[in-house]
Structures are given as C-alpha cells and as structure tokens.
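> Based on what follows, work out the 3D shape:
(chains A and B)
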Amino acid sequence: MHASSVLQAHSRLDQPIVHLTIVVTAIMFAILVLVFFLVVYASLRYRRRPGMAEPYQNFGNKKLEITWTVLPFLLLVSIFVLTVITMGDSDPPPTTANGADPSPDLVIIGHQFWWEVRYPKAGFTTANEIHLPAGQRLLTRLEAADVIHDFWVPELGRKMDMIPGTPNELWLLADHPGTFLGTCAEFCGNEHAWMRIRVISQTPQDFADWEQQQAQSPSLPNNPAAERGEQLFRSMSCANCHTIRGVSSADVGPDLTHLASRETLAAGRLENNPVNLEAWLHDPNNFKPQSYMPNANLKPDDLSAMVAYLETLR
Amino acid sequence: MSEVPVALPVLRKLERFEKEAGMLSWLASVDHKQIGILYLITALIFFIAGGVEALLMRTQLMFPENRFLLPDAYNQIFTMHGTTMIFLVVVPGLLGLMVYLVPLMIGARDMAFPRLNALAYWLYVIGGCLLYFSFFAHDAPAAGWFAYTPLSEKPYSNLQGMDYWALSLLVIGVGTVATGLNVIATVATMRVKGMSLRHLPLFTWMSLINSFLIVAAMPALNAALVMLLIDRQLHGNFFKPAAGGTPIYWQHVFWNFGHPEVYIMVLPAFGIISEVIPVFSRKVIYGYAVVAGSTVAIALLSFGVWAHHMFAVGMGHFLDMIFAASSMLIAVPTGIKIFNWIATMWGGAIRFTTSMWFAVAFLIMFTIGGLSGVMFAVVPIDWQLTDTYFVVAHMHYVLFGGTAFAVFAGIYYWFPKFTGRMLSETLGKWHFWLTFIGLNLTFMVQHNLGILGMPRRVFTYPNIHSWNVLNFISTMGAYVLGISVIVFLWNVIRSRRHGALAGPDPWDAWTLEWATSSPPPVHNFNYVPPVRSARPLWDLKHPENPDWQRGRRTPHHAR
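You can find the predicted model right below:
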C-alpha cells in the first residue's frame, strides 16, 4: 500500500486545494522564520552580561504596535479571499445544467466498519470499492447507517462527513485512470482504523464493461464444492447479514454479489485472493478484531467449500 | 498611607494557626495557598496518568499492525488521555496557579469565597476519581474526548463508561464555574488600595478574563452533558436521528464550549509568559494596554469561532466562510502578543534561567501551533487535513509547546515562592532540553503523517513505509518526553527538601507576591507596599525612576 498525499491532486477539483495549501504553508513558514529569527536574535544579542545596569524601560510604541496589528490583518484578508475562491472551485454546488434538482449518480453509505456503494442509475450495489469513469464527475450522495463516518480520498478532493439522517453531497472526479486510496476520517468505533476505501478510475469503456458485469446476477455455482458452499451460506447465519443477489438480502455486512471481482477483503484489510479469503473466514478476529463479522467456526472442508463458492462470485 | 498593618493580636492568632498545620490542615484547608498547591499536586498526579496513557498509545503505534493493544483498549486509552489532559490536568493546573497567585498579586488576604474555593477543589478530586473509577467498572469511556453522538449514545456505547464520563465532567464543570466566579469576585473586590484595573499584574488580568470565559463557556458543556445523560438514561432523543434528534446538534453545543475551552487553557499561560519574560529581561512589559486589551478581544472572538471544528460536516459554504473569517480574525490579537513579548526582550538584559528557557521556547513552539491553527481556518485546507495527524500535531504544539511550556516556566519561577526553596537549575536545564527535543521529535513528524493521509484516532495503520518511519520517530520522541517528566519529578522532590533557600524575592521581581516571605504566611502580608503602578516593587526599588512617574517627567518616552 502507498500513502495518499494531501499535496498530490489527481482531480481537477483537488488541484485548487493543493495550490492553496502550498501558498498558505509558504506564508505560514515565512512568518515562523521571522519569529524564529527575532527570538533567537533577541536572545543572543540581549543576554545579560556581568556588571550590566538595569536596561532602559521601554513601555511601548503605538506606531509599531499598530503596524504589527494591521499587517497580519491585511495578510489574513488576502488569505480569506483565496479561501473563498478555492471553496467554489473545489466544491461546486450540486446543480444540473437546466437547474433541476439533480439525482445522485452514486450513493455511498457508511457502516461500522465498511462502505456500501450504490449505483442508483444502473441499479446495483457493491461494497468497499468505487469505480469511476475517468474525467467524468459523479454527483455523490453520502449517508450513514449507524454513526458518523467521513469519506476521504486525499488525492481526489475534500473530505465530507457521512451523517445519519442528514445526507451530504459532493462531486467525485478522477482525471485519469488509476487507483486512489482513502479512509474513514471520523472516529466511528473499534475498527475505525480498518475502514479503508479505494476509488478505481477506469477508461469510460472499461467502466461501462464493469458496470454491465456488476449489474448482472452471479452465475450459479458450477462445481460440487461451490454448490455445497452456497448451501452452507444459505443455511448458516451468513445470509442474515450479507446480500448475494438471487440468494439473500440483508445490509448488516457488505454486499457479496461480486466479491471475487474486488481487489481487497474486509474494507481494505487484506488483498483479495483465495488464501486470504480462507484465512479471513477461518478467524476474522485475527485481522479485524472487534468488528461485527463473527467467527462461524467452519470445519475445514466446510471452509474450503465456502471459499470455493465465494470465488465463483465474479 | 498605603501600608496595611495587621493588628498584633490577630497576627499572633494567625501564627498559632500556622503552627497547628499538619496533614489534616490540608484536608480541611480553606487557605488559597494550600488549595492552590493541592490543585497543582493533583494535576501532576493526573498528568502522570495521562502521560502513561500517551506512552501506551505511542507504543501501540510504534509499528504497523502492532498487536500490543486491542481496538477497544486503545480507544479507551486515547479517550482517557484527552479527557484527562484537558479536564484533569491543564484546566485545574491553571486554576491552581490562579487561586494561589491572584490574591497575592492583588495584595489580598485570601480569595473572596474561601470555602467555595475548597468546595471547587474537592469537586475536581471527586470528578477525577469518578472518571478513573470507570476503569475498575471494566469500561472506561471510548468515544473520544469530544464524544460525538450517536457513537456516544446507548446503542453504540452500551456499557457505563460514557455515563461515568458525563457525570464526572458535570461534577468538575460545576466546580470550575465556582472558581471562575470566585476569581472574578476576588479581583473585583479584594484589590489592595491603589491597585486600579490598569495596575493589575498581567497574570491577574488574564486570570480575570479567563474566569469570565469559564463562567460563559462551561454551562454549554454542562447542558450538553445533561442532554447526553437524558438520551442515555431516560430514553431522550436529543441526538438520535431515528427518533427525530440530530447528531450535529451535539457538535454545535459541544464546540460552543469547546473552542472557548481552548482559550481557557491558553490565556493563563499567556499571563505566565507576560510575568516571566519581563522579569528575566529586566524590562517592563512592552505595550501593557495592548497585551491586556488583545486578551479581551480573544475572549470575545472565541465565542464566534466554534464551527471551524465542523467544516467537514457539510454546513454549506456560507456558514463555513463566516467561521473561517472569525477564526482568521482571532489570530490577529494572538499574533500581537507574540510581537509584544519579543519587543519586551529587545534591548533587555536577559537572564537565561530555566524559567526563561521555557518562556523563550514557548514563543516559537506556540507560534508553530498558532500558524498551523490558521491553516485550519482556511476551509479547503481543513477539508483535507481535519481529523488527520496534522490536527494532533497542531493541538499538541498549542497545548504542550504552548501551555505546558508556559506552566513549566511558571513552576520554575514561582516554586521558590510556593516552597521557600529553589528548583535545581542543573536538573532544570536537563528537563528543558529533554522536553524540547521530545516534543519536537514526537509532534513535528505528525504534521507529515497528516499530509501523507494518516487519519487520527486509529488503533493501528497499514504497512506503508513512510508512515512506519514517521510513527517510529514519534514514539521515540514520546519516550524522551517520558524521561523528561521523570527528571522534572526528581527535581521537584529533591528541591523541596534540599534546594537552595530562596528568600522572599529571588528573581528581583516586581509584583506583590514577592513582597512577602517564601512561602507566605497564612495571612499573606504583614504589610503591603504602596501600589501606584503595575510594578509596585520596581517603584520601591527604583525611587529615582518609578513607573508611576512615567509621563510626568518624560512625557515623550512612550510615543
């Protein structure tokens, strides 16, 4: 995994924020250097030397004091103007060209401790990974199912809280294809640390293909082990929390309809491959302690049947 | 005329009272000096507890995917660390300095309401014990020191930790308001003859303004706590969205208290710096009126900036802009002070005692925290950096590099007054440098962590090379800070018995607390010197050039 720097923009919406951050940081740094040198100079230059008399008692100087009140004030006024301009550039209001109330292209719902991702126009739901067509901004509605979460992908723009009962909206945009990592940025409970998200930006053609594939229901299991896995999924408690389209319907845990097509497991906790999937099902607590995923205590052959089934969900 | 002699029989009676002082006298004391010392010792004990919690957190974060602490334990510890440091260490520690020093600085015999003073202290002790008892009830609070709803509500914080948290802060909050009122009444009514408001020592000025802040801000917290308790215990719906409540309401009420609280934790520190820097620079404070007046401006503005904690909430651009403007504005009176303190050093004859080292370092460390604070007023930067380690770095530069450095400067300055003995300067220099290096090692790199996208309040983090290196450095810095605290404790314990005798006025200082013995007698002063300026002892020591003659002999000096 790599760090996602606040100083790197991969979105036209984030670019103005990066510029502003650099400008303001430079101004702050200049002030710090000024204060640093004044303090160090005064400390060295005006040390008491033996035999020194009491120095001249200077009670103040109105002109100087007004100067160091007015100058910072003017500086802050200019920073404020830059702030207002950048706010409009980086977080434009959610309107359509004809002024109608826009409906969202994407709905992201925060759960303890995973992300539900809905594409209302294509009519399917996925989890923990967001696919975008590069260069095209999606109006994104942010909601929460339980406590307050916060959607933050540093290289694509602002963070915004996901508040139960009060939906928020922002534009999500990536300029070019790539994978951008993000995280829940509002403390939401035990597994806040492992509530990570990734945004996968694709060429419009690849995105259309992905969308078409996600909209389909998964094919039926085609080998005996996978068939047994599906039976186990239905008969054990799995189906009470997870949706697999055509098999079960619940949203306590992530939608698993196309689980095998995803890059990670458990909201960015593990790379998605059969070995990790088996390890995760064997002991979720080992990887994401105190999350709501229970240990199903699967017997070894049940475990491999379950893995075989979930691996068919492409 | 201005001398206030104490009648001889009263004096004898008071001296007898002093001889009867034993352990029990501390428990039953209504003497502001004993209560002040009790505050400081209790705050020091909680400082050690909060420090141990910090070391546990940093140990867990030393390596990625570390298994030293489980998430629930980590969340309890970081919640207790924040709550402890704010409510059980910084605020009561500053209150301790205030109740000890304010009556002495204004030439008073005690606080206006000595029994209320004792009550407030004991409420603090009871509240602190209540909070820490939650560990023994197997469930310390774990929703963070700002306890955002609905995470702090019953369905998500099921056990009793949050109830202990809310009750404990209520108890402490009531006591804090009482002390605020007490300080206001004391400064309003107990000043010695001649001490007009323009002659108040700056520490007293800041304590007075701070007390107004306390009285105005704490009730918002108390109201929030009562609403949370109603939600949790009586099935109320203030903050529950499913039943029509709104979670954001908590944030507005909480920060309506929470941001003035930041200034409650920093104004007395400004007061300490405004005493220490002039005395060790051998110069009168530069621009007394501006330093005092800018504090009033900060206090007023501090009630109009709270929603800068909520820029990520989605309040809309208009509200964001208003709070951005007010938050930038409050930087102006704060910046003024920094320049006035530097101007006080300018042309002085600076003595680099440990106290002065801490005060000078404060100027730079607090400036770092203040400037990163201005960055958070810039809304788009806040949209990126809020709730990351950049915030953790920012607030520790304000509260540790700022307030704690000022308090250490104050402790080295007034310890001789409290005990009659000097703190060791050798150990003091060790303490200073370890603290300075530890602070910067721990928190400087946390700026970078935030810029590299590390969120705060995580019990662990993914294996990312740059994060691993920076977190390791930060943890090493925390251990250095741990050692620095041990050096400080050793200095206090050793100097209390073996330190050099201080005498009444070891620093050749200018305010009234140095006009009596160290430690002062129960009745504080046998006589109070005449007060005709903000520096009565300067006037006494320099009859050829007293402050009160300024403007008469040399009318153009000040212009």
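
> Could you measure from whichever residue of chain B sits closest to chain A over to B:N471?
Residue nearest to chain A within chain B: B:P241 (3.0 Å; C-beta to the nearest C-beta). Any C-beta I mention is one placed from the backbone N, CA and C, and that applies to glycine too. Between B:P241 and B:N471 the computed distance is 35 Å (C-beta to C-beta, to the nearest Å).

> hmm, back to that, got phi/psi on the nearest residue to the residue of chain B closest to chain A once chain neighbours are set aside?
Nearest residue to B:P241, sequence neighbours excluded (C-beta to C-beta, 6 or more residues apart in numbering or on different chains): A:G165, at 3.0 Å. Backbone torsions for A:G165, taken as degrees, to the nearest 10, come to phi 90, psi -10.

> Per-residue pLDDT of A:G165, please?
If you check A:G165, the pLDDT there is 93.

> For it, give me its contacts.
For A:G165, the contacting residues are B:241-242, B:246-247, by C-beta atoms under 8 Å, 6 or more residues apart in numbering or on different chains.

> Among these, which lie within helices?
Among the contacts of A:G165, the residues falling in helices (DSSP state H) are B:P247.

> Which one (most neighbours) among the contacts of A:G165?
Counting neighbours by other C-beta atoms under 10 Å in any protein chain shown, the top entry in the contacts of A:G165 is B:P247, with 25 neighbours.

> quick one: that residue and B:L169, what's the gap?
From B:P247 across to B:L169, the span is 19 Å (C-beta to C-beta).

> likewise A:N285?
33 Å.

> Over to B:D539?
B:D539 is 45 Å from B:L169, by C-beta to C-beta.

> between the two, which one's more packed in?
Ranked by neighbour count (other C-beta under 10 Å), B:D539 and B:L169 place B:L169 first, with 27 against 20.

> same for the lengthiest helix in chain B, what does it pack against?
Secondary structure of chain B per DSSP H: the longest helix is helix B:465-498. On a contact count with 3 or more C-beta pairs under 8 Å, 6 or more residues apart in numbering or on different chains; DSSP states H and E, helix B:465-498 meets helix B:32-60, helix B:405-419, helix B:425-451.

> What are the contacting residues of stretch B:120-133?
In contact with stretch B:120-133 (C-beta under 8 Å, 6+ apart) are residues B:35, B:38-39, B:42, B:46, B:49, B:80, B:83-84, B:87-88, B:92, B:95, B:164-165, B:167-172, B:174-176, B:178-179, B:182.

> before we move on, what about stretch A:14-24?
Contacts for stretch A:14-24 (C-beta under 8 Å, 6+ apart): A:6-9, A:79, A:82-83, A:85-86, A:89-90, A:155-158, B:374-375, B:378, B:380-381, B:383-384.

> And that stretch, what's buried?
A:14-21, A:24 (16 or more other C-beta atoms under 10 Å in any protein chain shown).

> That stretch: how far from the chain's middle?
Relative to its chain's centre, stretch A:14-24 lies at 19 Å (C-alpha atoms, centre = their mean, to the nearest Å).

> Over to stretch A:131-151?
What separates the centre of stretch A:131-151 from the centre of its chain is 9 Å, taken as C-alpha atoms, centre = their mean.

> for that stretch, which positions count as buried?
Residues of stretch A:131-151 classed as buried: A:131-134, A:137-144, A:146-151 (neighbour count, 16+ other C-beta under 10 Å).

> And stretch A:203-214, by the same measure?
Neighbour-count burial for stretch A:203-214, counted by 16+ other C-beta under 10 Å, picks out A:207, A:210-211, A:214.
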